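Trainee: no sequence on this one, just coordinates:
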């Protein structure tokens, strides 16, 4: 399957999963499951930065449309799309990652590297998103708890997704 | 000039990032002006249709609960019929005429010309959330059915919310489950007649708080909290919830905060009624003109 097709399918799949399954799970008010940002995490390494940000904006706005949260998801998505190349640069070994596989994953980056990469970006995303959300209502402690718990929940889901869809070679 | 262009090209990524973020933030903070962005919320055609299709499936799994609540409501309405009482004079029903009540016998005489104040319109819920700090409900009724902004919305068992934005066939309702100052409704205890404000402070979707209740109140657990009829959105005596317990915030304060169990079950909301207050404009213009007179 070509990389383009694979990403389009992933976009639709993650959007539907987020809107119709994950947003309806009610565990506790400070835990929300955000998996859709995996789309931004798994875009190819060699994609130029402007394209990265515009795709993130598209994903964010599509989700905002369903959730009645105009611009909040979009702002958080664009933020992590901008910071993604920096994080990859810091984490990559000398000479960059192997060019045989063009998308970030556990096999192309190594398990621990990928987990650090995902954890940093998920945390930043949740930081921006929940700050914007709680900006209207609520308190600081609530914000902090929400960011920590939701980040943990999202990373758990991302690991699950990776284990399901990427066979180890 | 050349240097400027070089500078811009060098930091192109950063400027694009700033531009996109500013666009997003403008969208976030313009959100209060709901009408402007109405085409990009869940009442627009793509997402509303998808939600509706999804709801068709989900609806099937909730049939039992929906049935139960409809039967309960039927029972309640039957109890309110004149025929349920001994002192029946005329068995009458209300026709879809806003001004007159007709008798049901063959002559269809006009039995009353009292002005109708509230008109209920049934609507199907196509999307609903309970997990966010501010929750919205999308209903399949719009301006084509006479729904306007700021109409009250009630469910089979109690208050649900207020219409915030309207499209031709859909409307978005601000749910009672909206944190803090976003939604508050004037309420009254049905036993003691004490007034207060009902607000939701996050947390479980089944509970809310009734604030500013005078301490002289004689509280009974399970007492019904109903709408006061002072706001133009809801008629009098529509249930909001039931008294659960009191929380004393501050010993020195003169008012109670009462924890109430909400009458509406927001988890399986399927049908709601939008209330059209036919005398709203009349009441509002009178109040406004009086207010102006005093201000001068």
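Mentor: Cool, the structure landed. Since the model is a prediction, treat every value here as computed from it, not as a measurement.

Trainee: and the pLDDT for residue B:40?
Mentor: Residue B:40 carries a pLDDT score of 54 in this model.

Trainee: how many neighbours does the nearest residue to residue A:121 once chain neighbours are set aside have?
Mentor: Nearest non-adjacent residue to residue A:121, counting by C-beta to C-beta, 6 or more residues apart in numbering or on different chains: residue A:80, 4.8 Å away. Glycine gets a C-beta too; all of them are placed from N, C-alpha and C. For residue A:80, the tally of surrounding residues (other C-beta atoms under 10 Å in any protein chain shown) stands at 26.

Trainee: mind listing what residue A:134 touches?
Mentor: A:142-143, A:146, B:133 (C-beta atoms under 8 Å, 6 or more residues apart in numbering or on different chains).

Trainee: again with residue B:241
Mentor: By C-beta under 8 Å, 6+ apart, residue B:241 lies in contact with B:158, B:198, B:208, B:210, B:224-225, B:260-263.

Trainee: try residue A:158
Mentor: With C-beta under 8 Å, 6+ apart, residue A:158 has these contacts: A:35, A:38, A:41, A:118, A:122.

Trainee: try it again at 7 Å.
Mentor: A:35, A:38, A:118 (C-beta atoms under 7 Å, 6 or more residues apart in numbering or on different chains).

Trainee: on the three-state scheme, residue A:120 is what?
Mentor: Per DSSP: H, G, I helix; E, B strand; the rest coil, the local secondary structure of residue A:120 is helix.

Trainee: ramachandran angles for the residue most central in space within chain A?
Mentor: By C-alpha atoms, centre = their mean, chain A has its centre lying nearest to residue A:37, at 2.5 Å. Residue A:37 has phi and psi values of phi -70, psi -10 when expressed as degrees, to the nearest 10.

Trainee: stretch B:130-144 near chain A at all?
Mentor: Yes: for stretch B:130-144 and chain A, the contact criterion (C-beta under 7 Å from any C-beta of the partner chain) is met by B:130-131, B:133, B:136.

Trainee: secondary structure added to those residues, as TSV?
Mentor: As requested, the residues of stretch B:130-144 next to chain A are arranged in TSV below (three-state DSSP):
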residue	secondary structure
B:130	coil
B:131	coil
B:133	coil
B:136	strand
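
Trainee: ranking the residues you listed by neighbours, who comes first?
Mentor: residue B:136 (23 neighbours).

Trainee: ok so, going back, nearest to residue B:122, of the residues of stretch B:130-144 next to chain A?
Mentor: Closest approach between these and residue B:122, by C-beta to C-beta: residue B:136, at 19.4 Å.

Trainee: how about the closest one, nearest residue that isn't a chain neighbour?
Mentor: Spatial nearest neighbour of residue B:136, excluding adjacent residues (C-beta to C-beta, 6+ apart): residue A:68 at 4.9 Å.

Trainee: for that neighbour, give me the backbone phi and psi.
Mentor: Taking degrees, to the nearest 10 as the convention, residue A:68 sits at phi 60, psi 30.

Trainee: hang on, it packs against residue B:134?
Mentor: No: contact between residue A:68 and residue B:134 fails when scored by C-beta atoms under 7 Å: they sit 8.3 Å apart.

Trainee: ok, those two, which is more surrounded?
Mentor: Between residue A:68 and residue B:134, counted using other C-beta under 10 Å, the more crowded position is residue A:68 (25 against 19).

Trainee: now residue B:131. Nearest residue, chain neighbours left out?
Mentor: Distances taken as C-beta to C-beta, 6+ apart place residue A:26 nearest to residue B:131, at 5.2 Å, with adjacent residues excluded.

Trainee: check the secondary structure at the one you found for me.
Mentor: Going by three-state DSSP: residue A:26 is coil.

Trainee: list the contacts of the residue in chain A that chain B sits nearest to.
Mentor: Sorted by distance to chain B under C-beta to the nearest C-beta, the residues of chain A start with residue A:71, at 3.1 Å. Residues in contact with residue A:71 (C-beta under 7 Å, 6+ apart) are A:64, B:24-25, B:27-28.

Trainee: repeat for residue B:264
Mentor: Residues near residue B:264 by C-beta under 7 Å, 6+ apart: B:155, B:157-160.

Trainee: again with residue B:147
Mentor: Going by C-beta under 7 Å, 6+ apart, residue B:147 touches B:141, B:163, B:166, B:171, B:274.

Trainee: can you get me a residue count around the closest residue to residue B:229 other than its chain neighbours?
Mentor: The shortest distance from residue B:229 to any non-neighbouring residue, by C-beta to C-beta, 6+ apart, is to residue B:236 (3.2 Å). For residue B:236, the neighbour count with other C-beta under 10 Å is 11.

Trainee: report the secondary structure state of residue A:39.
Mentor: helix.

Trainee: lowest-confidence helix or strand of chain B?
Mentor: strand B:92-93 (a mean of 38; mean pLDDT, DSSP states H and E).

Trainee: quick one: low-confidence ranges for chain A?
Mentor: Residue ranges of chain A with pLDDT under 70: A:1, A:94-101, A:135-138, A:166-169.

Trainee: quick one, helices of it?
Mentor: A:3-20, A:38-41, A:49-67, A:72-91, A:106-109, A:111-136, A:140-165 (DSSP state H).

Trainee: same for the third one, what does it pack against?
Mentor: Put plainly, it is helix A:49-67. Applying 3 or more C-beta pairs under 7 Å, 6 or more residues apart in numbering or on different chains; DSSP states H and E, one finds that helix A:49-67 contacts helix A:3-20, helix A:38-41, helix A:72-91, helix B:12-30.
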